[in-house]
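Visitor: Here is the input, now give the coordinates:
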Amino acid sequence: MAVRFSSRHLGLLGTTLLGSSLMMPVAGLCAAVPTTDNDHKKTKSQAVRNASPAHAKDVSGGTEAVIVTGTREFGKKARDSISPIDVVSNRQITSTGQPTLRDALSLLLPSLTVPTAGFDAGALTDTIALRGLNPNETLVLVDGKRRHTTANIYADPGPSQGATPVDIDMLPMSMIDHIEVLRDGASAQYGSDAIAGVVNIITKKQDHGLSMRSNTGITSEGDGFQQGVYLDGGFNLNNRGYVHIGGDFVHQDHAFRSGKDNRTNQYTNQVLSQPEQTRESVAITAGYDITETVQAYASATYAHRHAESYQNYRLPSTLSAYPGYAAKYPYGYSPILGLEENDYELTAGFKGMLAGWHWDLSTVYGRDFDRFDALSTINSAVYKADGRTPTNFYNAQGYNNSQWTSSFDLSRKFNFSFWPHSINVAGGAAYRYESYSMGTGSADSIAGTGADGIPGTTTYNAGNWSRDVASGYVDISTHLMKNWQVDLAGRVEHYTDVGNAKTGKVSTRYDFSPRFAVRGTFSSGFHAPTLAQQHYSALAVSPTAARGLIAANSTGALANGASQMKPEQATSVEGGIIVEPIRKLHVTVDAYQIDLRDRIQPGGTIYGSQAYKALYANGFPLPSGSENWGAGQLSAYWFANVATTRTQGLDINATYPSEFGRFGHVDWDVAINLNRTRLRHQGTTTSGADLLTIPTLAYLTTAYPRSKIIFGGRWHSPNNTWAVAIHEIRYGQTTSNLTYYTGPNAFSTTNYREFQNAPKWTTNASVTYNINTRWSATIGGNNIFAAYPSVVPKENRYLGAPKYYMSTNQLGIAGGYYYLDVSARF
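Guide: Residues are numbered from 1 along each chain as shown. Next up is the predicted model:
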């Protein structure tokens, strides 16, 4: 009997393979080895019935949600998972009132953190981090397929330095059905980068409906205006398939938070600010039954971002030798780093069943291109050469990153007469091509020492690089006893530039009763150095200082003890309990330890004349007089395997509903993450010098909060006409080592201030009125009492402006955010 996949089922099989396997619950045992032909037919029909995708419904999130990540079984709930997992529904995301996905998730998940603020190009990519590790250690999937990463490397100092992660805000929020966050090492299941965990974004695939949403907000300082418009809808293809289309428009104004400039005693330096950006994004998902057992599916995403970030203010006196520019900037100027980013991804594939096997053949191509412009600035070399005074230097820098992944996955459940439980066997192979390029800047942007503040990329730094990655995996899961399940996974990967990697994972869970279970995992993982980490180089220039990042394999780096980077290697152990101590109170407690060897961060920092020689050898255009700058003014460094660290932590989650009859009900929730990273070993250069400095050691160990606690509740009226939510968030302490810029220790490379960013409390509250079954309106605020990070002492502020320290992952600098959100569903 042939079985046809309905449009409601399209998408799940490809989604749940996840580069791993599908597991179909099938009743009964066979008398012999693999199942009979009749059982094959039953397997198909049952697979179709069980494949009704969670993302085709209104996923509620929480421990009762059905998951597809980290499991090979259909219909498994988050609280029944063999590994710890968070499920965040679209309704939960939109209920935060945040216009961007990154900021919404940061209010919902304690194990997920975002930068306090960014500067330079780092402010223009939205990064996330799990469990106090670099964003590169978190793998992001979209419908189970590896998502391409940004071309914009976070090159500035801080815990995110060196990251080229997936920018999740380049996906339209309107197209997200729900998100599953696997808090477990999973490189053996999904490949490189899955050390801290996996974020799997499930897109909408409904064949009907229309949703609209508008979000308007402003900060407590009266700036930082934000407007978001979100729209999506689905269409039925003759009851054989679906098309779902959605798009976002999001605009964000600057929010200025700088202190007074030491040179003017005025608020003229706007370097500490929320960047301005405008982003348009669209996505489409589609699927169609070609035959009764074969489906075709496809998806596409595209996003464009325009963004601007301020650099340090330049005094009018700096233009005294350039009267043409002085006439244009009589009050001085602040260079602006402009970004024009285009990001897209295309997915196509076929999936189905054949002889009892689930199969999925797919290919995914993704590309991110970033063009950086130097705006509202000068280039003195151009003025000296021909008297011209250009102020905008377009195409100063250009970066391109692409990934093309093709994969084939198989999965089948076997029943044997000698084993009382079914055994799910899965396997597959994938090939990925990665490329990264840096383009030469426009002629005016690279003339002389380049456009001030944002020099163009010179021919010495430009180039094209690529590599091939081949991988294969096997996954076997079964039950040793009725209540004892195990999962074994192994993977081999080959990189043409950094060699081979082998990873494995063993997971188990034992249910003592329906209300108490224990689970544990032991796994190995790895992160291959990205092409950007290996080849990116750039020079950041301020009025009285410069900092150069040089490629590890460059002449200047090799002359100072650099060596070829190796992949990071991780060993993770996790153990937890799942308990329901009283009816409807669901609690999970998971402890974890991640030993991460050969961590890739900036290392081998050199200063003063030594840095000048290395930068000069690499062809950097250095400012006039920089050969005489001191150690605290001129530095250079490269990415290296700097250290081995141990991260230990504890995740606690609890939910409980309270019923109050005619007074409605309240859904309570508590989520806690405790996290600590310690240094176990520090790497050295080939000459024996330490790779870490005092500040960079803090980026690894104390720049992430020691704890993050989220708790509160949401009240619903009996008829669901009204809803009121209130949540408290506590951000734990971070500790940094800050450079002195004034006083007796000014620009010292040995004496630093240990600065503690104290714990902070914020309150989020909202009131929702459901006008009717289709329309609703919410007024609310996040951080409604406008808490800010701890203020940096004046001696440790470069030029006085950055009164909050940006290089941490604690509370943001914008203050309170108040919003009006209106939505409709048809």
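
Visitor: For the nearest residue to residue 821 once chain neighbours are set aside, give its distance to residue 823.
Guide: Computed as CB to CB, 6 or more residues apart in numbering, the closest residue to residue 821 that is not its neighbour in sequence is residue 778, at 4.3 Å. (Each C-beta comes from the backbone N, C-alpha and C, glycine too.) Separation of residue 778 from residue 823 (CB to CB, to the nearest Å): 8 Å.

Visitor: Equivalent analysis for residue 208, please.
Guide: 17 Å.

Visitor: quick one: which of those two has more around it?
Guide: It is residue 823, of residue 208 and residue 823, that has more neighbours when counted by other CB atoms under 10 Å, with 19 against 12.

Visitor: Check which helix or strand the more buried one maps to.
Guide: strand 817-825 (DSSP states H and E).

Visitor: Okay, now the sheet partners of that strand, with direction.
Guide: Using DSSP bridges, the strands paired with strand 817-825 are strand 210-219 (antiparallel), strand 775-782 (antiparallel).

Visitor: Using PDB, list the CA coordinates for it.
Guide: The C-alpha coordinates for strand 817-825 follow below in PDB (Å, rounded to 0.1, in the frame of the first residue of the first chain):
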ATOM      1  CA  TYR A 817      13.300  50.200  26.300                       C
ATOM      2  CA  TYR A 818       9.600  50.900  26.200                       C
ATOM      3  CA  TYR A 819       7.400  49.700  23.300                       C
ATOM      4  CA  LEU A 820       4.000  49.300  21.800                       C
ATOM      5  CA  ASP A 821       3.400  46.000  19.900                       C
ATOM      6  CA  VAL A 822       0.300  45.400  17.700                       C
ATOM      7  CA  SER A 823      -0.300  42.100  16.000                       C
ATOM      8  CA  ALA A 824      -3.000  40.300  14.000                       C
ATOM      9  CA  ARG A 825      -3.400  36.700  12.900                       C
END
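
Visitor: okay but the residue nearest to residue 821 is in contact with residue 820, surely?
Guide: Yes - judged on CB atoms under 8 Å, residue 778 makes contact with residue 820 at a distance of 7.3 Å.

Visitor: how distant is the longest strand along the chain from the center of its chain?
Guide: Ranked by residue count, the top strand of the chain under DSSP state E comes out as strand 634-659. Offset of strand 634-659 from its chain centre (CA atoms, centre = their mean, to the nearest Å): 13 Å.

Visitor: residues touching the residue lying closest to residue 580 once chain neighbours are set aside, list them.
Guide: With sequence-adjacent residues excluded and distances taken as CB to CB, 6+ apart, residue 580 is closest to residue 515, at 4.0 Å. The contact partners of residue 515, taken as CB atoms under 8 Å, 6 or more residues apart in numbering, are 579, 580, 581.

Visitor: gap between residue 515 and residue 484?
Guide: Distance from residue 515 to residue 484, by CB to CB: 17 Å.

Visitor: How about residue 748?
Guide: 59 Å.

Visitor: same deal with residue 124?
Guide: 49 Å.

Visitor: pretty sure residue 202 is in contact with residue 178, am I right?
Guide: Yes - if you go by CB under 8 Å, residue 202 and residue 178 touch, sitting 5.3 Å apart.

Visitor: These two - which one has more neighbours?
Guide: Taking neighbours as other CB under 10 Å, residue 202 and residue 178 compare with residue 202 leading, 30 against 27.

Visitor: what about that one, is that helix, strand or coil?
Guide: strand (DSSP: H, G, I helix; E, B strand; the rest coil).

Visitor: Show me the shaky parts of the stretch 1-150 of the chain.
Guide: Residue ranges of the stretch 1-150 of the chain with pLDDT under 70: 1-65, 71-76.

Visitor: So what does residue 106 look like in phi/psi?
Guide: phi -70, psi -20 (degrees, to the nearest 10).

Visitor: Now it: closest residue in space, sequence neighbours ignored.
Guide: residue 114 (4.8 Å).

Visitor: Distance of the one you found relative to residue 354?
Guide: The spacing between residue 114 and residue 354, counted by CB to CB, is 44 Å.

Visitor: for residue 604, same thing?
Guide: 54 Å.

Visitor: tally of neighbours for residue 339?
Guide: Residue 339: 21 neighbours (other CB under 10 Å).

Visitor: Provide the secondary structure category for it.
Guide: Per three-state DSSP, residue 339 ends up strand.

Visitor: wait, what's in contact with the residue lying closest to it once chain neighbours are set aside?
Guide: Distances taken as CB to CB, 6+ apart place residue 307 nearest to residue 339, at 4.3 Å, with adjacent residues excluded. Counting by CB under 8 Å, 6+ apart, residue 307 touches 123, 124, 275, 276, 277, 278, 338, 339, 341.

Visitor: switch to 7 Å and redo it
Guide: Residue 307 makes contact with 124, 275, 276, 277, 339 under the criterion CB atoms under 7 Å, 6 or more residues apart in numbering.

Visitor: Number of residues surrounding the second one?
Guide: Other residues within reach of residue 275 by the criterion other CB under 10 Å amount to 20.

Visitor: Test my guess that it contacts residue 124.
Guide: Yes - Residue 275 lies in contact with residue 124 (CB atoms under 7 Å); the separation is 5.9 Å.

Visitor: Name the residues contacting each of these two.
Guide: With CB under 7 Å, 6+ apart as the test, residue 275 and residue 124 both reach 307, 309.

Visitor: tell me which element residue 557 falls in.
Guide: helix 555-558.

Visitor: Determine how far the helix or strand just after that helix lies from the middle of the whole chain.
Guide: Going down the chain from helix 555-558, the next helix or strand is strand 568-579, by DSSP H and E. Centroid separation for strand 568-579 versus its chain: 21 Å, with CA atoms, centre = their mean.

Visitor: The stretch 101-250 of the chain: helices as residue ranges?
Guide: Ranges of helices in the stretch 101-250 of the chain, per DSSP state H, counting those that start in this stretch, are 101-106, 187-190.

Visitor: Contacts for the shortest one next, please.
Guide: Same thing as helix 187-190. 18-20, 139, 194-195, 198, 475, 489-491, 503-505, 523-526.

Visitor: And for residue 634, the neighbour number?
Guide: 25.

Visitor: quick one: secondary structure of the closest residue to it other than its chain neighbours?
Guide: Sequence neighbours aside, residue 611 is the residue nearest to residue 634 in space, at 5.0 Å (criterion: CB to CB, 6+ apart). Under three-state DSSP, residue 611 falls in the helix class.

Visitor: Residue 611 reaches residue 636, doesn't it?
Guide: Yes - contact criterion CB under 7 Å: residue 611 and residue 636 qualify, at 4.0 Å.

Visitor: and for those two, which residues touch both?
Guide: With CB under 7 Å, 6+ apart as the test, residue 611 and residue 636 both reach residue 548.

Visitor: How about the contacts made by residue 653?
Guide: 588, 671.

Visitor: Name the member of the contacts of residue 515 with the most neighbours.
Guide: residue 579 (19 neighbours).

Visitor: Does that one touch residue 587 like I think?
Guide: Yes - counting by CB under 7 Å, residue 579 does reach residue 587; the two are 5.1 Å apart.

Visitor: Next, the buried residues of the helix or strand that contains residue 517.
Guide: Using DSSP H and E, residue 517 sits in strand 516-527. For strand 516-527, burial by neighbour count (16 or more other CB atoms under 10 Å) applies to 517, 519, 520, 521, 523, 524, 525, 526, 527.

Visitor: hey, what's the first one bridged with?
Guide: With DSSP bridges applied, residue 517 shows beta-bridge pairing to residue 511, residue 578.

Visitor: That one reaches residue 580, doesn't it?
Guide: No - the criterion here is CB under 7 Å, and residue 517 misses it with residue 580 at 9.7 Å.

Visitor: Please name the nearest non-neighbouring residue to residue 652.
Guide: Counting by CB to CB, 6+ apart, the residue nearest residue 652 is residue 672, at 4.3 Å.
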